[in-house]
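Colleague: predicted coordinates and the sequence they were generated for:
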Amino acid sequence: MQHSLRRTHRLAMATIAPRIFAFCHTFGLTVWIAVIEGSGWTLILPGILLLLWPGVAYALAANAQNSKRAEFRNLLYDSLLFGFWCSVLDFYVLATITIGLACLMNNLVVGGVRKMLVAAVLFTTAALIGSALTGFNFRPYVSNNLDIYQWAGAVVYFLTIGRVTYSQNRQIGRSIGEIKFQNRVFHALLDLGTVANRATNIHTLLDNSLKHLQSHFPDYGFAVFVQERQRSEVTRYAAVVGLSLEDEQRLKRLLTNVNGQGVQPGALPKIDEGESLYVMSMEGRLSLYEGWLIMRAPNRDDSLEQILSLFADQLAAATENKLLHLELKKTAERDGLTGLYNRGFLEAALQMSIQGKAQTPSLDFAVLMMDVDRLKEVNDHYGHVAGDQLISSVAKYLQLHCRDSDILARCGGDEFVILFPSADLTAAKRVANVIRENLPEQRCIIDTANGEREELALHLSLGCASSSEVPALQVFALADERMYEDKNQHRKQRVDDLGTAGWTPL
Ligand SMILES: Nc1nc2c(ncn2[C@@H]2O[C@H](COP(=O)(O)OP(=O)(O)OP(=O)(O)O)[C@@H](O)[C@H]2O)c(=O)[nH]1
């Protein structure tokens, strides 16, 4: 299994051709000398071993655990073999110099001076052993034609090596480019999670994530669409960065067509000369939602689909997390019927205001409490659905009079509270007056239990108090007390009205 995954190192592949050439050429040289000198097969037969070596060398590299190291060893074996063979050829000078130089140069290129010195030692040692075994003979010159043959071979060999070095350099250059790109992808992915986590809502999450991606890939454009699977027309989020208006229109059309059918990853037709749009569906990455991540890239490149898939994974995970987190937060902080803050959130906020007042006595807070009058009657006469509608209408009405900094909460049943975290009684009274003054015009439409629609007036009792009047801990109780005084007055008023006009429900 491990064997099948191993790949022969590019150096071993690159040296195949020059090595075959060098050994074949040396075999030719051997045959030539054997013919001229008449030594015949006694020289040619062992020379055949030269022809076998390139194949053996490749097999050694291809089957080694570390094929690069094996190829380094092969280059040293080349020196050994050639050193020995130069002694067999009686140190024909031109061959000894060119072959020796080639051995030194090859080792110098891959392993530096140290390896070159090792190659020199091996070459010399093998030559000495060869001389010892076959007897030392020195024949510096054979013939002019053989000199020409040897020069021609040397030139071709060195040019081949030059070509190999060039293609190796190009490959290294390409690899460096790829590594740099992958590094950018890695950093973009790594920080994408952080950017997404910092966002407070889905809109900022998507916006910031795309801006972040574009900061890493300024030449690219990005767009993302996320929508709830069941209610795509209700919950829909989108963000676009670095796309032209025309591209955005094109995407809108595309998503209208593919909506619900799932988009297969792949490039869409070119949008501009040399540019491509990639669409990656987040299908399977989101549970309740579906979405698409779109990328405009300056060039067509298959690896971009993989990268887009990684971005889509990361963005989908961040979006899903944020949606769940926001949902959880909403459930924990909000009242299900009205969407206002709930009692738990109000109590925590009130606690903070009390602590704030303890630390900075000049910092006042105020509370306005409200209770819906006659909710029980509405429930009893028209049903609970109508009661709920009344509560929702009151909530909407109160929201109209609150600022972002006010904390409007439904404290249970028919009770509402506004906490003004940094305001005094004057502010609370002002809001109470505005609410009270506009109240007679406020109506709500309710659906009665027997399927009819009725219009009801809103009635509220109000009571406000602030930390400038009583100790912080007692503000809430004082507001509650005042609200009940107000409620009692309403009740009294109603009894008086009934005494004079007769009772009519609501
Ligand atoms: N429809 C509906 N009724 C609720 C809800 N929460 C509490 N109630 C009902 O609201 C009624 C509150 O009764 P009371 O405290 O007497 O309030 P009220 O009827 O407004 O009486 P007054 O305040 O004296 O005018 C009770 O009948 C509760 O059951 C709710 O979420 N929806």
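Modeller: On my side now, so go ahead. Residues are numbered from 1 along each chain as shown.
Colleague: contacts and neighbour counts: CA atoms only from here.
Modeller: Fine.
Colleague: helices or strands up against whichever strand or helix holds L192?
Modeller: Per DSSP states H and E, L192 falls inside helix 144-198. Helix 144-198 makes packing contacts with helix 16-37, helix 93-134, helix 202-216, helix 303-333 when contacts are defined by 3 or more Cα pairs under 8 Å, 6 or more residues apart in numbering; DSSP states H and E.
Colleague: again, only using 10 Å
Modeller: helix 10-14, helix 16-37, helix 93-134, helix 202-216, helix 303-333 (3 or more Cα pairs under 10 Å, 6 or more residues apart in numbering; DSSP states H and E).
Colleague: between these, which one is closest to the ligand.
Modeller: helix 303-333 (15.8 Å; Cα to the nearest ligand atom).
Colleague: for the stretch 301-450 of the chain, just list every one of the helices.
Modeller: Remark: helices assigned in the stretch 301-450 of the chain by DSSP state H, counting those that start in this stretch are 303-333, 343-359, 375-382, 384-400, 425-438.
Colleague: need the winner for burial among those.
Modeller: When the helices of the stretch 301-450 of the chain are scored by mean count of other Cα atoms under 10 Å, the highest mean neighbour count falls to helix 384-400 (a mean of 19).
Colleague: what about that helix, near the ligand?
Modeller: Yes - applying Cα under 6 Å from any ligand atom, one finds helix 384-400 touching the ligand at H384, V385, G387, D388.
Colleague: check contacts around the third one.
Modeller: Same thing as G387. 374-381, 393, 414, 446-448 (Cα atoms under 10 Å, 6 or more residues apart in numbering).
Colleague: where does the chain dip in pLDDT?
Modeller: 1-6, 232-233, 254-274, 300, 498-506 (pLDDT under 70).
Colleague: can you pull the residues of it lying near the ligand?
Modeller: 372-377, 379, 384-385, 387-388, 413-414.
Colleague: G291: which of the contacts of G387 is nearest?
Modeller: Proximity of those to G291 (Cα to Cα) peaks at S393, which lies at 35.0 Å.
Colleague: list the contacts of R343.
Modeller: Applying Cα under 10 Å, 6+ apart, the residues near R343 are E333, R334, D335, A349, A409, R410, C411, G412, E415, F416, V417.
Colleague: surely S287 meets E320?
Modeller: Yes - the criterion here is Cα atoms under 10 Å, and S287 meets it with E320 at 7.8 Å.
Colleague: in space, what's closest to the most centrally placed residue in the chain - neighbours in sequence excluded?
Modeller: Per Cα atoms, centre = their mean, the C-alpha nearest to the average position across the chain is that of L189, at 3.3 Å. Using Cα to Cα, 6 or more residues apart in numbering and skipping residues adjacent in sequence, the residue nearest L189 is F311, 6.7 Å away.
Colleague: ok, F225 next?
Modeller: A238 (4.5 Å).
Colleague: phi and psi next, for the one you found.
Modeller: Main-chain dihedrals, A238, degrees, to the nearest 10: phi -150, psi 150.
Colleague: hang on, isn't it packed against N208?
Modeller: No - using Cα under 10 Å, A238 is not in contact with N208, being 11.8 Å away.
Colleague: out of those two, which sits in the more crowded spot?
Modeller: The neighbour comparison of A238 against N208 (other Cα atoms under 10 Å) goes to N208, with 19 against 16.
Colleague: contacting residues around the nearest residue to the more buried one once chain neighbours are set aside?
Modeller: Closest residue to N208 apart from its sequence neighbours, by Cα to Cα, 6+ apart: V195 at 6.7 Å. Counting by Cα under 10 Å, 6+ apart, V195 makes contact with T204, L205, L206, N208, S209, L210, K211, H212, A318.
Colleague: surely the second one and V226 touch.
Modeller: In other words, L205. No - L205 is beyond contact range of V226, at 11.6 Å (criterion: Cα under 10 Å).
Colleague: give me the residue from the stretch 101-250 of the chain nearest the ligand.
Modeller: V234 (25.3 Å).
Colleague: how near is that residue to L340?
Modeller: According to Cα to Cα, to the nearest Å, V234 stands 20 Å off from L340.
Colleague: rewinding a little: what touches both of L205 and V226?
Modeller: A239, T319.
Colleague: assign a three-state SS to the residue lying closest to A62 once chain neighbours are set aside, would you?
Modeller: If the residues on either side of it in the chain are set aside, A62 comes closest to T8, at 5.0 Å by Cα to Cα, 6+ apart. Counting by DSSP: H, G, I helix; E, B strand; the rest coil, the backbone at T8 sits in coil.
Colleague: next, T8: phi, psi?
Modeller: Per degrees, to the nearest 10, the backbone of T8 is at phi -70, psi 130.
Colleague: which residues touch it?
Modeller: Y58, A59, A61, A62, N63, A64, Q65, N66, S67, K68, A70, E71.
Colleague: now do the contacts for the residue nearest to T134 when sequence neighbours are not counted.
Modeller: Closest residue to T134 apart from its sequence neighbours, by Cα to Cα, 6+ apart: V88 at 7.1 Å. Listed by Cα under 10 Å, 6+ apart, the contact set of V88 reads 30, 43, 47, 82, 127, 130-131, 133-138.
Colleague: got the phi/psi numbers for V88?
Modeller: According to degrees, to the nearest 10, V88 has phi -60, psi -40.
Colleague: same check on G221?
Modeller: According to degrees, to the nearest 10, G221 has phi -120, psi 150.
Colleague: quick check: closest non-adjacent residue to it.
Modeller: In space, G221 is closest to G242, 4.2 Å off (Cα to Cα, 6+ apart).
Colleague: ok now do that neighbour, which residues does it touch?
Modeller: Contacts of G242 (Cα under 10 Å, 6+ apart): L210, K211, Q214, P218, D219, Y220, G221, F222, A223, E248, M295, R296.
Colleague: now for G451, how many residues are close by?
Modeller: 9.
Colleague: where does it sit: helix, strand or coil?
Modeller: coil.
Colleague: and it, how far from the ligand?
Modeller: Using Cα to the nearest ligand atom, to the nearest Å, one gets 16 Å for the distance from G451 to the ligand.
Colleague: got it, and K396?
Modeller: K396 sits 15 Å away from the ligand, going by Cα to the nearest ligand atom.
Colleague: that residue and L337 touch, don't they?
Modeller: No - counting by Cα under 10 Å, K396 stays clear of L337, with 11.4 Å between them.
Colleague: what is the burial count for Q168?
Modeller: So Q168, with other Cα under 10 Å, has 15 neighbours.
Colleague: can you check the one 5 residues further on too?
Modeller: Here the number of neighbours of G173 (other Cα under 10 Å) works out to 12.
Colleague: which residues touch it?
Modeller: S167, I179.
Colleague: cutoff 7 Å now
Modeller: G173 makes no contacts at all, as judged by Cα atoms under 7 Å, 6 or more residues apart in numbering.
Colleague: got it, and D313?
Modeller: Contacts of D313 (Cα under 7 Å, 6+ apart): R285.
Colleague: quick revisit: of the contacts of G387, closest to A477?
Modeller: Nearest member of the contacts of G387 to A477, counting by Cα to Cα, is D414, at 17.1 Å.
Colleague: hmm, D373 and that closest one touching each other?
Modeller: No - taking contacts as Cα atoms under 7 Å, D414 lies outside contact range of D373: 8.1 Å.
Colleague: quick one, what contacts N183?
Modeller: Contacts of N183 by Cα under 7 Å, 6+ apart: none found.
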